[in-house]
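A.B. asks: here is my input; please provide its structure:
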Amino acid sequence: MLRAVPMSEADESKFRVPHTLVLLFGMVVIAYLMTLFVPAGSFERTEAGHGGREKVVPGTYETTPDHPSLGPTAILTAIPKGFSAAHEIIFFVFIVGGAFEVLRATGAVDSGIDLLLRKAGHRPFLLVAAGIAAFAVGSATIGMAEEYIPFVPVLVGLFVALGFDTVTAVGVLCIGYGVGYGAALINPFTVLIAQEVAELEPSSGIGFRMVLLLVFFLVGVHHVWRYAKRVQDDPDRSVVAGIEPPAEMVDREDVPFRGRHLGVIVILVLALALLVWGIKFQGWYLIEMGALFLGLSILLALMGGIGPSKTARTFCRGAAGLTTTALLIGFARAIETVLEEGGIIDTVVYGIAQPLQELGSVAASIGMYVVQSVLNFFIPSGSGQAFVTMPLMAPLSDLVGVSRQTAVLAYQFGDGFTNILVPTNAVLIGILTMAGIPWERWLRFVFPFILKVWVVGSVALAVAVMMGYA
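C.D. replies: Predicted coordinates:
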């Protein structure tokens, strides 16, 4: 599904940003160098809630000079350890790649896109707005993230056919994903955990977050649509100009829409509905989702009239096409592995949090946003970040005159919006690689959006402080 990316002669004659794999490996090296100069330290931890998760005990940070130092070989051993730690999402990506290739083989994707273009192609703004809204709601309510990976090929094929680029397609998905996590309503992996640690009522303060979700949604739609129109008017202004999208996602045949294609789409929709139900009510995660897509492949092959051997070959071809994606996910996870083994994550948290005690309430709330944004690079797991930082931020908010609800909001902003920026987020790297978008090119598109939501988020936190958001 992925292939070598051609570059123009002009690009060959000037400096090029290294491959994403090189960038990630460089970050592994930087993480190792940090362990040599940043002292190891740790907080005491205690069990939190009924789930048995650990949370940090404020005021217990101590350096741990006896923590074993890492040797240079840690740079290399972190890579397979990163793959081991991220094995579930890696295998899920392989299964999704195989399932999508089987779906493509039925012809339903090509015929469905053609039908959609005929019906709604003259109103692309509605497709952008509706797409961002759908992904934002999914993330804001049930915490969807990895579940969006299967949508990448369909979105790329659709928006490229409309005359846009791959960044527009991924922008719809990731901006919605970021907005949903940033202004999460009842996300069980972020806001509900953070509220539990901060000793707040679950889902409390939802009214203000609903308003913010709408505000950030409008910012996101404006950002994506403004970019999309610019690319449609002048393709050379695309941030991925000179990079061809993966051929398997955009090279479509003119296939008439037939009854069996409708059957395939019905099965696909029912499977996605089952996926949402399983996540929401049965606690499904990557293993269960992978099993669902594996079963979906079999049903799609039966409905599409594809024989067993051809189905197997097709599935393997689709999975093999995502090898690069799997490699990048493992390398991204390796960065966090080095920081954990070096024992410096708690030191980083402690060092960044200390200056907040010297600020006023409004400035402190914005400072919390900055701290959470920085820490999301080191701890890209939303729930992990909540359990590490909220035990510190909750009592700190009491000292600086900021409500604990506002501290939770700052955590949401810092974790959610930077999810679509930091290269340590394996989900983001997987999505970008599937779409053939180098991370540094994506940065050109998404960083202005991050600046916008940083400004809007800072204003929102100031308002929360002044109105006593609780």
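
A.B. asks: residues of stretch 223-238 that come out buried?
C.D. replies: 223-225, 227-228, 231-232, 238 (16 or more other C-beta atoms under 10 Å). From N, CA and C alone the C-beta is placed, and that goes for glycine too.

A.B. asks: before we move on, what about stretch 435-448?
C.D. replies: For stretch 435-448, a neighbour-count test (16+ other C-beta under 10 Å) marks 435-439, 441-442, 445-446 as buried.

A.B. asks: save the residues you listed as TSV, and put in distance to Val128, pLDDT and secondary structure too.
C.D. replies: Formatted as TSV, the buried residues of stretch 435-448 follow (distance: C-beta to C-beta, whole Å; pLDDT from 0 to 100; DSSP: H, G, I helix; E, B strand; the rest coil):
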residue	distance to Val128	pLDDT	secondary structure
Ala435	16	89	coil
Gly436	20	89	coil
Ile437	17	93	coil
Pro438	23	91	coil
Trp439	23	90	helix
Arg441	20	92	helix
Trp442	17	95	helix
Phe445	14	96	helix
Val446	15	96	helix
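
A.B. asks: closest to Val219 among the residues you listed?
C.D. replies: Nearest to Val219 among the buried residues of stretch 435-448: Val446, at 12.6 Å, using C-beta to C-beta.

A.B. asks: would you mind measuring from that closest one to Glu440?
C.D. replies: Distance from Val446 to Glu440, counting by C-beta to C-beta, to the nearest Å: 11 Å.

A.B. asks: just so I have it, where are all the helices in the stretch 151-300 of the chain?
C.D. replies: Taking DSSP state H, counting those that start in this stretch as the test, the helices found in the stretch 151-300 of the chain are 151-161, 166-182, 191-197, 206-233, 247-250, 259-281, 286-304.

A.B. asks: tell me which of those helices sits most buried.
C.D. replies: helix 166-182 (a mean of 29; mean count of other C-beta atoms under 10 Å).

A.B. asks: in terms of mean pLDDT, which of the helices of the stretch 151-300 of the chain ranks lowest?
C.D. replies: Of all the helices of the stretch 151-300 of the chain, helix 247-250 carries the lowest average pLDDT, namely a mean of 66.

A.B. asks: can you tell me the closest non-neighbouring residue to Phe377?
C.D. replies: Val422 (4.8 Å; C-beta to C-beta, 6 or more residues apart in numbering).

A.B. asks: and of the buried residues of stretch 435-448, the nearest to Phe100?
C.D. replies: The shortest approach to Phe100 among these belongs to Ala435, at 12.7 Å (C-beta to C-beta).

A.B. asks: what residues does Gln232 make contact with?
C.D. replies: 162-164 (C-beta atoms under 8 Å, 6 or more residues apart in numbering).

A.B. asks: can I get those residues in JSON lines including neighbour count and distance to Ser309?
C.D. replies: Below are those laid out as JSON lines (neighbours: other C-beta atoms under 10 Å; distance: C-beta to C-beta, whole Å):
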{"residue": "Leu162", "neighbour count": "20", "distance to Ser309": "36"}
{"residue": "Gly163", "neighbour count": "14", "distance to Ser309": "39"}
{"residue": "Phe164", "neighbour count": "25", "distance to Ser309": "38"}
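
A.B. asks: Asn187: which of the residues you listed is nearest?
C.D. replies: The closest of the contacts of Gln232, once distances to Asn187 are taken by C-beta to C-beta, is Phe164, at 29.2 Å.

A.B. asks: ok, the residue lying closest to that closest one once chain neighbours are set aside to Phe92 distance?
C.D. replies: Take Phe164 and drop its neighbours on the chain: the residue closest to it by C-beta to C-beta, 6+ apart is Ala228, 5.1 Å away. Relative to Phe92, Ala228 is positioned 29 Å away (C-beta to C-beta).

A.B. asks: helix or strand right after the particular helix or strand that has Ala353 in it?
C.D. replies: Following DSSP states H and E, one finds Ala353 within helix 345-353. Downstream of helix 345-353, the next assigned helix or strand under DSSP H and E is helix 361-378.

A.B. asks: by contact count, what packs against that next one?
C.D. replies: helix 345-353, helix 382-400, helix 404-418, helix 439-466 (3 or more C-beta pairs under 8 Å, 6 or more residues apart in numbering; DSSP states H and E).

A.B. asks: for those, give me a markdown table that also has distance to Arg313.
C.D. replies: What follows is the helices and strands packed on helix 361-378, written out as a markdown table (distance: least, C-beta to C-beta, whole Å):
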| stretch | distance to Arg313 |
| --- | --- |
| helix 345-353 | 44 |
| helix 382-400 | 38 |
| helix 404-418 | 40 |
| helix 439-466 | 32 |
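
A.B. asks: indicate which one of the ones you listed is closest to Leu299.
C.D. replies: The nearest among those, by C-beta to C-beta, is helix 382-400 at 32.5 Å.

A.B. asks: tell me how far the closest residue to Pro202 other than its chain neighbours lies from Tyr285.
C.D. replies: With sequence-adjacent residues excluded and distances taken as C-beta to C-beta, 6+ apart, Pro202 is closest to Leu192, at 5.4 Å. Per C-beta to C-beta, Leu192 is found 16 Å from Tyr285.

A.B. asks: would you agree Gly321 is in contact with Glu101?
C.D. replies: Yes: when contacts are counted by C-beta atoms under 8 Å, Gly321 is listed as touching Glu101 (7.3 Å).

A.B. asks: pull the contacting residues for the residue nearest to Leu296 when sequence neighbours are not counted.
C.D. replies: Distance criterion C-beta to C-beta, 6+ apart; nearest residue to Leu296, sequence neighbours excluded, is Ala271 at 4.7 Å. Taking C-beta under 8 Å, 6+ apart, we find Ala271 in contact with 292-293, 296, 299.

A.B. asks: ok, these vs Ile329, which is closest?
C.D. replies: Ile329 lies nearest to Phe293 out of the contacts of Ala271, by C-beta to C-beta, at 16.7 Å.

A.B. asks: not counting sequence-adjacent ones, nearest residue to the closest one?
C.D. replies: Using C-beta to C-beta, 6+ apart, the closest residue to Phe293 is Ala99 (4.3 Å).

A.B. asks: give me the phi and psi for Glu62.
C.D. replies: The phi/psi pair for Glu62 (degrees, to the nearest 10) reads phi -140, psi 140.

A.B. asks: before we move on, what about Thr424?
C.D. replies: When read as degrees, to the nearest 10, the backbone of Thr424 gives phi -80, psi -10.

A.B. asks: please apply the same query to Gly41.
C.D. replies: When read as degrees, to the nearest 10, the backbone of Gly41 gives phi -160, psi 170.

A.B. asks: from Pro65, how far out is it?
C.D. replies: Look at Gly41 and Pro65: by C-beta to C-beta, they are 9 Å apart.

A.B. asks: perfect, that will be all.
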